[in-house]
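Model the following, please.
(2 chains)
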Amino acid sequence: MTDPTPTPENPTATDVEPEADGRVAAWKLLAGNPVTLFSVIVLVIILVVALLAPWLAPYGVNQTDVTRALQSPSAEHWMGTDDLGRDIFSRIIVASGTSLQIALVSVIFAFVIGVPIGIISGYLGGITDTVLMRCVDVMFAFPVLLLALAIVAILSPGQLTTMIAIGVVFTPIFARVARASTLSVRVEPFVQVSKTMGTPGWWILLRHILPNITGPVVVQTSLSLAFAILSEAALSFLGLGIQPPNPSWGGMLFDAQGFMSQAWWMSVFPGAAIFVTVLAFNLLGDGLRDVLDPKQRTLAEARRKA
Amino acid sequence: MKKNPMVAVTSLALLTLAACGTGEAVDLNGDADDVEGAVLQAAIGGEPDQLDPHRTSAYFSFQVLENVFDTLVEPDENLEMQPALAESWDVSEDQLTWTFQLREDVTFHDGSEFTSADVVYSYERIIDEELANAWRFDAVESVEAPDDHTVEITVSAPTPNLLSNIGGFKGMAIVSEDNVESDEISNNPIGTGPFSLASYTSGDQITLEANPDYWGGAPEIAGVEFSFISEPSTALAALSGGEIHWTDNIPPQQVEELDGSDSVDLEVIPSNDYWYLAMNINEEPWDDERVRQAIAYAIDREAIIQAVSYGTAQENQLAIPEESVWYTEYSNYTHDLSEAERLLEEADVDGGSIEFLATNEYPETVTAAQIIADNLEPLGFEVSISQPDFSTWLDDQNSGSFDMLMMGWLGNIDPDDFYYSQHHSDGGSNAQGYSNQDVDELLESGRTETDEDARAEIYAEAAQIIADEASYIYLYNPAVIQGWSPELSDYQARSDAAIRFRGAVLEE
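Below is the predicted model:
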C-alpha cells in the first residue's frame, strides 16, 4: 500500500486541504460508493416528497371519515386508513416534512451552539476547558430522552419545543467532537506558527481550526440527523412531540398500537418511513466518514486506482 | 363524583408494564386454611394511588376497595339502594331524621366488632376533614349513635337522595378508627367487606383474601389478586392466554371479534357514566349560547361514538342514561352544519382558534378531539389540541385556561349527582362557569322534593335547559366492558362499574 501523494505537513499554514495533484474530489469518492450513492438518492427523494407533500397528498391529513376506518391498503388508499378513517399515505408524506424540519433545525441548533463551545474549549484549554467540559459532562450524564422529556415538560409540547429539546440534548455531542478534533489540530505547526506571528485567537479558530475539523463534525451532523428523527418519533410516541391531529410518524405508531392485530398497515408504514430515513442518514454518515477521514480516504483512493 | 383514575401511569411505566405481563400465581394456602377454593386473578388498568376509600378519587382504588369495604346501604343491579351494614331504616314524619338499624353480626377484618360508633366516626371524618365527598353531607346536621346498633342522621331539609349519597359507592365506606389513627389505612386498609387485604406490593399487585366471617356469607373463592395492566391489548392477551381470569381493560375495537368467542366471556352493558364537551363560558365567544349551540350542531356524534367506542357507547344528549328511572328523552341537536353556520352568523362570530384541552390519561378525549377539530374546520375554527398529564389538566380546567374540553363523569346514581355541582352557579364542579337562575332554583328544589314523580319532572326540566343552553354538550354514555374466562361464573358486570367478586365462583 503506497500512498502516491503523501499529504504534506501543510507548509503554507492557511490551506485547508491542498488540492494536490492526484487527489480525488470528495464528491467523486462519495459517488463511487454504491451504498452512499443509494442513500443520497433516497434522501433526495424523501426531501422532494417532503417539500411537495401538501400538493402530493391525495387526501387532507386531518380529514376524518369514520365510515372508512381501518381499511386495508387499496388503490384508493395506498397505505390504508387509520382508526379515524384518515389516509395513511397522506399523513406519512406530510409527516416526513415535519420530521425532517425538526431534525434539521435541531441539529443546526446543536451545531451552532456545540461546535463553538467545543473549539473554544479545546483551543484555550486550562480552566475554560475544564469548566465547559464539566458542564458538557453533566448534560451527558442525563439519558437523552429523559433530558428531552424534562425540557418538554417545562415548555408546553409542540413543534418548537421538540426542536429545542432535541437541539439541547445534541449540543454536548457536537461540543465533544469539536473539542477532540481541535485538541489534535491546535498542536499542528501551522497553528503554532500562526500563533507566534501574533494572529488573534478568533482568527486562528475561524481560519485554521474550524476548516480542519470539518471531517468529524460533518459525519457527526449526518449521524445526528438520524438520531434526531428517532428522538422526534420517540417524543411524539410519548405524546410530547407533535400534537394531534397533526401527523407525525411517532404519533401514528402510538395510535397504531391498539390495532396491531386488526390493522398491520397502521404500524408498518410509519415504522418503515422512520426506518428508511434513519438508515439513509446513517449510511450517508458512514460514507462521509470514509471520505473525510484522511486514513480511510487514502484507502478508498487506493482502491479506486486499483 | 369524579372517579377519575388520578394515578398518573406515565407512558414509560406503561411500556414496562406491558413488557412484564401479568401477576404470577401466589400460594395463598399457607394463610387461608379455613377458606377453600381458587384464587381469582384479575387485571385492572392501573395502580391505585392509595387505599383510603375516603381520600382517594381514583377508579382503580375503588375497583379494589369495592371488595374490602361496606357502606350502610348499597346499590343493587338496578342501582336501587338495598340494606348492607344497615339492616333497615326509617324516616321520620317530617323527613328530617333518618334512623338506621345496624347488623349485629359484623366484625372488622382485625376481629374488632362493628358498631354505630364506627359509622359516626367515618362520617364525621369525611365532614370534619372536608374530604372529597364532604358535599354529600351538605344537608346533614348531625350523625349520632343512640345505642351500639342504631345510627341517627339529622338533616336540615328533606333529602330524598340521602341513601344514594351514603351508599352510592365505596367512597362513603365505614372505616375503622384504629386503622385511620395508625395511618395504615392508605396501604393496609381494614374494612368489613367480603375480602381482606393480604398484601400490597406497589407496582406489582394487590392480594385480597376471603373473609370467612363476612356477614353476607364467606365468598366462594379463596381470594383475588389484582395486577395492573395498563395496555388493553396486553390485558386481553393475558385473558385469552389464561394468565388472568378477569379484566375490564378490553380494547373496544375488539369487542365485535370477541363476541361469541369460546375463551372469553364478554359482557357489554350501558353504564351510568357520561362524557361531555364543555366550553369556557367566562370567555368570548363562548359566553354567547348561540356559539355553543353552533358547536353542538356541528359535531358529528355518530363519528365520535364510533371512533371512541366502536359503537359500544350509547348516544345521549343528556347525562342520565336510558336505563335509569330518571331518564329524559332529548335529541334536539342533529348534525347540521348549516344550522351551525346560521347560529354563528347570528352571533356574529367568524371562526377563530380553539384550545382544546384533552389528556392522554383518557385516550378517548384525544381521539374525539381530532374528529371535533375536523368537524369545526368548515366553520372557520382552528382547533389546537393540548394533551397535558392529568394533574396539569385539572389545574388548567380549574384555572379556566381552556376554550373547550372533553371529560367524563363516572358512576353517578342520583340526578342530583348528575347536575347540581356541574351546573349550579355555586356548584363545586362548574368549571365552565355556567349560571342560570332558573336552573339554580330547579336544582335546589330537586334536592328537597320528596315526591319522586315531581322530582323527576324538576330534573327533566333543569336538564333540558342545561342542554338547550349548552352548558355541557352531552355526548354519550360509555359501556362497561368486562371480560372473564369461562371458568368464572356467578359474576355480573354492573352499570355503575362496581366490581363485586363476593359471589363469584371459580372452577379449579
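
Can you give me every residue that contacts the residue nearest to B:G351 when sequence neighbours are not counted?
Leaving aside its chain neighbours, B:G351 sits nearest to B:G380 (2.2 Å; criterion: Cβ to Cβ, 6 or more residues apart in numbering or on different chains). Every residue, glycine included, has its C-beta placed from N, CA and C. Taking Cβ atoms under 8 Å, 6 or more residues apart in numbering or on different chains as the criterion, B:G380 is in contact with B:D350, B:G351, B:G352.

ok, B:I320 - contacts?
Here B:I320 is in contact with B:N272, B:Y274, B:W326, B:Y327, B:T328, B:P415, B:F418, B:A463 (Cβ under 8 Å, 6+ apart).

Now with 6 Å, please.
B:I320 makes contact with B:W326, B:Y327, B:F418, according to Cβ atoms under 6 Å, 6 or more residues apart in numbering or on different chains.

Between those residues, which sits nearest B:G217?
Proximity of those to B:G217, judged by Cβ to Cβ, is greatest for B:W326, which lies at 32.5 Å.

Is it correct that that closest one is in contact with B:P415?
Yes - because the distance of 4.7 Å satisfies Cβ atoms under 6 Å, B:W326 is recorded as touching B:P415.

between these two, which one's more packed in?
A count of neighbours by other Cβ atoms under 10 Å in any protein chain shown puts B:P415 above the other of B:W326 and B:P415, at 27 against 22.

ranges for the helices of the stretch 151-300 of chain A?
Assigned by DSSP state H, counting those that start in this stretch, the stretch 151-300 of chain A shows helices spanning A:159-185, A:189-196, A:201-204, A:210-212, A:214-237, A:249-256, A:264-292, A:294-305.

From the chain's centre, how far out is the helix of greatest length in chain B? Work that out for me.
The longest helix of chain B (DSSP state H) is helix B:452-468. Its chain's C-alpha centre and that of helix B:452-468 lie 22 Å apart, by Cα atoms, centre = their mean, to the nearest Å.

which secondary structure elements does that helix contact?
Packing partners of helix B:452-468 (3 or more Cβ pairs under 6 Å, 6 or more residues apart in numbering or on different chains; DSSP states H and E): helix B:415-423, helix B:437-448.

my guess is A:P157 meets A:L240, correct?
Yes - applying Cβ under 6 Å, one finds A:P157 in contact with A:L240, separated by 4.8 Å.

Taking the centroid of chain A, which residue is nearest it?
The centre of chain A sits closest to A:L225, judged by Cα atoms, centre = their mean, with a distance of 1.5 Å.

neighbour count winner among A:P157 and A:L240?
Applying other Cβ under 10 Å to A:P157 and A:L240 shows that A:L240 carries more neighbours, namely 27 against 21.

which residue does the stretch 151-300 of chain A bring closest to chain B?
Evaluated by Cβ to the nearest Cβ, the stretch 151-300 of chain A has A:P245 as its residue closest to chain B, separated by 4.1 Å.

Nearest spatial neighbour of B:D76, chain-adjacent residues omitted?
Closest to B:D76 by Cβ to Cβ, 6+ apart is B:Q82, at 4.8 Å.

Give me the three-state assignment for the one you found.
strand (DSSP: H, G, I helix; E, B strand; the rest coil).

so where's the stretch 1-150 of chain B uncertain?
B:1-36 (pLDDT under 70).

change it to 80
B:1-37, B:57, B:132 (pLDDT under 80).

Up against chain B, what does chain A have?
A:N62, A:T64, A:V66, A:L84, A:L238, A:G239, A:Q243, A:P244, A:P245, A:G258 (Cβ under 6 Å from any Cβ of the partner chain).

Report the two of those separated the most.
A:V66 and A:L238 (26.0 Å).

first vs last residue of stretch A:181-199, how far apart are they?
21 Å (Cα to Cα, to the nearest Å).

give me the number of residues near residue 59?
In the absence of a named chain, this looks at chain A. Neighbour count for A:Y59, taken as other Cβ under 10 Å: 17.

Hmm, no, I was thinking of chain B.
Counted with other Cβ under 10 Å, the neighbours of B:Y59 add up to 23.

what does B:D453 give?
For B:D453, using other Cβ under 10 Å, the count is 8.

Could you check how far it is from B:N375?
In this view, B:D453 and B:N375 are 39 Å apart by Cβ to Cβ, to the nearest Å.

returning to that earlier point: so the residue nearest to the centre of chain A sits right up against A:V107, yeah?
Yes - here A:L225 lies in contact with A:V107, judged by Cβ under 6 Å, at a distance of 5.4 Å.

now the helices of the stretch 151-300 of chain A in TSV, with distance to B:S495?
Conversion of the helices of the stretch 151-300 of chain A to TSV gives the following (distance: least, Cβ to Cβ, whole Å):
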stretch	distance to B:S495
helix A:159-185	42
helix A:189-196	80
helix A:201-204	75
helix A:210-212	71
helix A:214-237	35
helix A:249-256	30
helix A:264-292	33
helix A:294-305	70
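
Comparing those helices, which comes out most buried?
Among the helices of the stretch 151-300 of chain A, helix A:249-256 has the highest mean neighbour count (mean count of other Cβ atoms under 10 Å in any protein chain shown), at a mean of 25.

Touching that one from outside, list them.
With Cβ under 6 Å, 6+ apart as the contact definition, helix A:249-256 has outside contacts at A:A95, A:A233, A:S236, A:F237, A:I242, A:M266, A:S267, A:P270, A:A273, A:I274.

Where does the prediction get shaky in chain B?
Checking chain B against pLDDT under 80 turns up B:1-37, B:57, B:132, B:260, B:360-361, B:389, B:410-411, B:508.
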